[in-house]
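[1] Sequence plus the predicted model coming up.
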Amino acid sequence: MTQVIAELERCLSGGSSTVAFERSADTSTSGLSAGSGNELQQFLQQISSGEGSTATSAAPAGSKGTVVSPSSGEAETMISSAGEGGTDPRTEQTVTLNQSGEPKGVSPRTVRGLTPSGSPSGQRMKLLLLSSIAVAVVVLLGIVFVVRGKSGTLHLEITDDLTEVTIGETGRVVKGVADEEVRLALGEHVLHIQREDLAFDTNPFEVTKGENVPIKVERVGRRVRAMQGKTLLRHKESSNSTPQTSNQSSPKTSVTIQRRVGKYEVVAPGYQAKVNSDGLLEKLVVAETTLIETTNFGGGDNFGRIGLGGLVTAKQTDATLVFQQARDYRLKYEFDAGGFTVRAQVTEAAAQRDAIDNKSYFIFYEVFFPNAASMVRRLDGPGDFSLPTSMAESTSRFVVAFKNGIELEISSPPTEAYFNSSRWSHGHLAFDTDNIFRFDIRKPSTIPNPAPVWRPTAQQ
């Protein structure tokens, strides 16, 4: 574009140039060469030709034409030479131009490219070229403006099963427990929140380009509130709801968590789980069938993982467990009637320190399956395979089938994840943010919700 503008300026200023034109013996039209060989520059040079500029005549095959621009007002002379003298037009000819740029005694059809700069056709050509380039520049600028985008991101988190959120004028509805990112137009937006008899609109929040706006909608006692970070957008209290305390579980979930020596025991409708003091799931059992033997989060026992590099603290709230090792690792479990969600977080510094070969993408969240796991059905691509595998099988969303008909569906971030034997490893984790893994348990209707394999006892 810079070259085009420079050529236009030179055309308008009436500057002169001298160009040598050469024709190959095997072509039927004149070939042009002007420095860089750019055809657009050559075209501009031709239409700018006039007084004090260079012209050329059509030359036969194998010939060369040279034009000399005189510095005085004398007539211009152009000689086309084919190597031998004579009067035959195919060997040698002399063309004399007067001061107006018109060839003397030669038809304009004979001397190609001689359009005087002041003639109407030359001016029209310039105006046409300028107009075309101006339109192209405007279109390009418009495309760039559009490509840069006019949207931002809303990160919406809902922690209550009965809450429904409608996102502003888009009309999009998100129901129940969710953690989603939604693209929104730049500017102000509101959320309409509804839970049973309770309904309200939040205060406006602004979405700006390149910003991720986090909003959390949660139930706290008899209130439902929307928080943007630490800012309260709005809340409302329900007249029919009863406060939920730490000793009272929702009938929909009925999850009980008890702390024992070195572990936490979880009993939910249809399954039981054990989580050790490092925050790693040690056992998942359904109807006396073990679905998960154990898990790992880090580079491995020989490198580094959660629990090996320092003290791990634990916090329980209702059906939620959170394990934290300084700022390095964090595991959050959210248990419900149908399964559970794991939010795994690691800092980039810890990943570089603890990963295999100190390569941060070799920090893994891993699940080890028992012999009862018979087959894997991919949900993110074709091809089922048996367990244990004889080769690496890639998948980040799949169903593990067990011999008694029970299934465990696992959904994870769509980055590198694979099975090796009976172990599933998910690498290339995001740093300093949640990597979300969802475990959904499905069992045949012939298998009722069994009595717990182990029963929680009083806290020790």
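    Perfect, I can see it now. Numbering: from 1, shown residues only.
[2] What ranges does the stretch 101-250 of the chain have for its helices?
    120-147 (DSSP state H, counting those that start in this stretch).
[3] for it, what are the low-confidence residue spans?
    101-123, 126, 134-149, 239-250 (pLDDT under 70).
[4] Strands along that one, start to end?
    All strands of the stretch 101-250 of the chain, identified by DSSP state E, counting those that start in this stretch, fall at 103-104, 151-158, 164-167, 172-175, 178-185, 187-189, 191-195, 198-201, 205-207, 212-220, 223-228, 231-237.
[5] Next, the angle from the second one to strand 223-228.
    Read it as strand 151-158. 150 degrees (axes from the mean of the first three to the mean of the last three Cα atoms, to 10 degrees).
[6] Please name whichever of the strands of the stretch 101-250 of the chain is nearest to F398.
    Closest of these to F398 is strand 178-185, at 20.2 Å (criterion: Cβ to Cβ). Any C-beta I mention is one placed from the backbone N, CA and C, and that applies to glycine too.
[7] Now do that closest one: which elements does it pack against?
    strand 151-158 (3 or more Cβ pairs under 8 Å, 6 or more residues apart in numbering; DSSP states H and E).
[8] Go again with 10 Å.
    If you count contacts as 3 or more Cβ pairs under 10 Å, 6 or more residues apart in numbering; DSSP states H and E, strand 178-185 packs onto strand 151-158, strand 164-167, strand 172-175, strand 205-207, strand 212-220.
[9] Let's have those in JSON lines, adding mean neighbour count.
    As requested, the helices and strands packed on strand 178-185 are exported to JSON lines (neighbours: other Cβ atoms under 10 Å):
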{"stretch": "strand 151-158", "mean neighbour count": "18"}
{"stretch": "strand 164-167", "mean neighbour count": "19"}
{"stretch": "strand 172-175", "mean neighbour count": "14"}
{"stretch": "strand 205-207", "mean neighbour count": "17"}
{"stretch": "strand 212-220", "mean neighbour count": "17"}
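[10] Pipe those into TSV and attach distance to E196 per row.
    Below are the helices and strands packed on strand 178-185 laid out as TSV (distance: least, Cβ to Cβ, whole Å):
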stretch	distance to E196
strand 151-158	15
strand 164-167	10
strand 172-175	13
strand 205-207	24
strand 212-220	11
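[11] nearest to A351, of those strands?
    strand 212-220 (21.4 Å).
[12] What pairs with that closest one, parallel or antiparallel?
    Its sheet considered, strand 212-220 pairs with strand 151-158 (parallel), strand 223-228 (antiparallel) by DSSP bridges.
[13] Go through those and name the closest to L284.
    Using Cβ to Cβ, the nearest of those to L284 is strand 151-158, at 24.9 Å.
[14] need the strands paired with strand 212-220 in JSON lines with distance to T208, can you?
    Formatted as JSON lines, the strands paired with strand 212-220 follow (distance: least, Cβ to Cβ, whole Å):
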{"stretch": "strand 151-158", "distance to T208": "6"}
{"stretch": "strand 223-228", "distance to T208": "13"}
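[15] do you know which of the ones you listed lies nearest K332?
    Nearest of the strands paired with strand 212-220 (Cβ to Cβ): strand 151-158, 12.2 Å.
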